[in-house]
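1. pasting the sequence and the predicted model now:
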Amino acid sequence: MSELILTLPNLPAGDIARDSVISRGEQRGDYRYIESLNDRLRGSLASEFLPRLPLTFHLLYAQDGREQAIADDLMKLHNEPEARDDERGLIFAVEPNWNLSLCALPDGQPATQPDHSAYLAQLGIARAQGKNNLGALGHIAVIDTGAEGVKIDDYYDLLSAPLRPGVQNAIDDFGHGTAIATLIREVAPDCKLSMIRVTDDDDIPLWYFMAGLGLAVLDAQAEIINLSLGIENMTGKCRWCGVSAYARAFALENFMRFLKMGAKWFTGKEPPTFVAATGNDGSQNGFFIPARWDVCLAVGSVNKSGHHSEFSTYGTLTHPYYVVAPGGETVNSVTTEFAIADNKKPHLGTSISTAYASGVLALLRTDHPTGDLTQLALQRVTSASPPLLCGQGQIQYS
């Protein structure tokens, strides 16, 4: 079976459309309705916060090979003349459950870390330590593969029950999340760190990623959301009105913008800052999603010399919130950065850069308990080379 994500308005009319979808599936037999995101996430997250979202998201299982036909049929409720009046226009999108990928490149020998101290120096960590700033007021949520052997304060696991098994039961079968958490701790040792496990390999289904975002912002109430992941492209357009997935505000972007606005529900909380990797294909074809959107602080990679890393995607040069941070390089087939010597997989890439950037944001929040973290970061960048490929410059603590 394949998976489709259905987007409906959060209105009584949307409930009518959902019921139509369920009954059609029972009649057709080539797909079936599974659940809504509200059903997936229990407690106050589902009962109090998600109902405020103007859209709702639902998961369908579709028979292999029938995905497009099913999407076409359901989208007839969008603007087809034969649709009933109470159904027309009520289904906003039917999308594949795309997989996002972790933005790290496995390579090199995991027993050495030749340039790690150089990267910490680039970030200005000694200046923070000199002021006894260890990031205590920063709260970072990492949406990733889990964590093992590194201090975390809260642990969520979407892959097994219970949803919050306790930090003593935190696992990471892949190693990427552990690497990210380790680097964050090295930059901001005293930050509050929440880990949300959404995958056990290098792919993250969109459905789990959206659920993880909801947990990070609305349940954990983290202010810095580390997204060392992305997808190069999302395809598809509305066959009836002709607009692209981006033009009709694809479900993920809508959801992220909603979550930023949702901070007003929490007294004393600033809107969350999404810190997202630009991607590792080394192309100028545009940042990976979600870094491509200005709802995020987009983070690319530089090496220890402050030069653009050859693997770091750099195409969306007009992005207003694009910075770079150390992410490593491969020199003579040897990796110059990975997080921990005994990690299950050594990593470099914009995943690493994003972790460093998140740690610096925790330091900045500790110095400045209020204010827009993205703007604070942009006020403290230093030059990186070549400027055309490095956006606003290299993030650092100062």
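-> Cool, the structure landed.
2. surely residue 363 and residue 397 touch.
-> Yes: under the criterion of C-beta atoms under 8 Å, residue 363 makes contact with residue 397 at 5.0 Å. Backbone N, C-alpha and C define where each C-beta goes, glycine included.
3. what touches both of the two?
-> Residues touching both residue 363 and residue 397 by C-beta atoms under 8 Å, 6 or more residues apart in numbering: 128, 133.
4. what's the nearest residue to the residue positioned nearest the centre of the chain if we skip its chain neighbours?
-> By C-alpha atoms, centre = their mean, the chain has its centre lying nearest to residue 227, at 3.6 Å. With sequence-adjacent residues excluded and distances taken as C-beta to C-beta, 6 or more residues apart in numbering, residue 227 is closest to residue 276, at 4.2 Å.
5. ok, back up a step: tell me the pLDDT at the residue nearest to the centre of the chain?
-> Note on residue 227: pLDDT of 98.
6. and the one 5 residues further on, by the same measure?
-> Note on residue 232: pLDDT of 86.
7. gap between it and residue 286?
-> According to C-beta to C-beta, to the nearest Å, residue 232 stands 8 Å off from residue 286.
8. where along the stretch 201-350 of the chain do the strands fall?
-> 203-205, 224-227, 229-230, 273-277, 296-302, 322-326, 330-331, 334-335 (DSSP state E, counting those that start in this stretch).
9. what about the closest residue in space to residue 301 that isn't next to it in sequence, neighbour count?
-> Excluding the flanking residues, the one nearest residue 301 by C-beta to C-beta, 6+ apart is residue 327, at 2.8 Å. Neighbour count for residue 327, taken as other C-beta atoms under 10 Å: 34.
10. how about the contacts made by residue 327?
-> Here residue 327 is in contact with 300-303, 309, 312, 337, 348-353, 356 (C-beta under 8 Å, 6+ apart).
11. identify the farthest-apart pair in these.
-> Pairwise distances across the contacts of residue 327 peak at 15.1 Å for 303 and 351 (criterion: C-beta to C-beta).
12. neighbour count winner among the two?
-> Neighbour tally, residue 303 and residue 351, criterion other C-beta under 10 Å: the higher count belongs to residue 351, 32 against 24.
13. pLDDT of the helix or strand containing residue 128, averaged?
-> Assigned by DSSP states H and E, residue 128 belongs to helix 125-130. Throughout helix 125-130, pLDDT has a mean value of 96.
14. now the helices for the stretch 151-300 of the chain?
-> 176-187, 206-214, 251-261 (DSSP state H, counting those that start in this stretch).
15. what do you get for the stretch 1-150 of the chain?
-> 12-28, 37-40, 44, 67-79, 116-122, 125-130.
16. circling back to that earlier point, is it possible to get TSV of the strands of the stretch 201-350 of the chain that adds distance to residue 373?
-> What follows is the strands of the stretch 201-350 of the chain, written out as TSV (distance: least, C-beta to C-beta, whole Å):
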stretch	distance to residue 373
strand 203-205	24
strand 224-227	7
strand 229-230	20
strand 273-277	4
strand 296-302	8
strand 322-326	12
strand 330-331	31
strand 334-335	30
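17. out of those, nearest to residue 127?
-> strand 322-326 (15.8 Å).
18. measure how the closest one sits relative to strand 296-302, angle-wise.
-> 40 degrees (axes from the mean of the first three to the mean of the last three C-alpha atoms, to 10 degrees).
19. list of residues touching strand 322-326?
-> In contact with strand 322-326 (C-beta under 8 Å, 6+ apart) are residues 118-119, 122-123, 278, 287, 297-304, 308, 312, 316, 337, 352-354, 356-357, 360, 377-378, 381, 384, 390-395.
20. what's the angle from it to helix 176-187?
-> Going by the same axes, to 10 degrees, strand 322-326 makes 90 degrees with helix 176-187.
21. please save the CA atoms from strand 322-326 in CSV.
-> Only the C-alpha atoms of strand 322-326 are listed here, as CSV (Å, rounded to 0.1, in the frame of the first residue of the first chain):
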residue,chain,number,x,y,z
TYR,A,322,20.3,32.2,4.6
VAL,A,323,23.5,31.8,6.7
VAL,A,324,26.3,29.2,6.7
ALA,A,325,28.0,27.3,9.6
PRO,A,326,30.7,24.7,9.8
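22. which secondary element of this protein has the worst mean pLDDT?
-> Ranking every helix and strand in the chain by mean pLDDT, DSSP states H and E puts strand 334-335 at the bottom, with a mean of 64.
23. how is this protein partitioned into domains?
-> 2-97, 100-389 (automatic domain parsing).
24. what about the first one, start to end distance?
-> The one in question is domain 2-97. 8 Å (C-alpha to C-alpha, to the nearest Å).
25. for that domain, what is the distance to the chain centroid?
-> 23 Å (C-alpha atoms, centre = their mean, to the nearest Å).
26. try the longest one
-> When C-alpha coordinates are averaged (C-alpha atoms, centre = their mean), domain 100-389 and its chain have centres 7 Å apart.
27. and residue 226, how far from residue 20?
-> 39 Å.
28. show me where pLDDT drops low in the protein?
-> 43, 77-89, 106-114, 235-250, 263, 316-317, 331-347 (pLDDT under 70).
29. since that was my last question, I'll sign off now.
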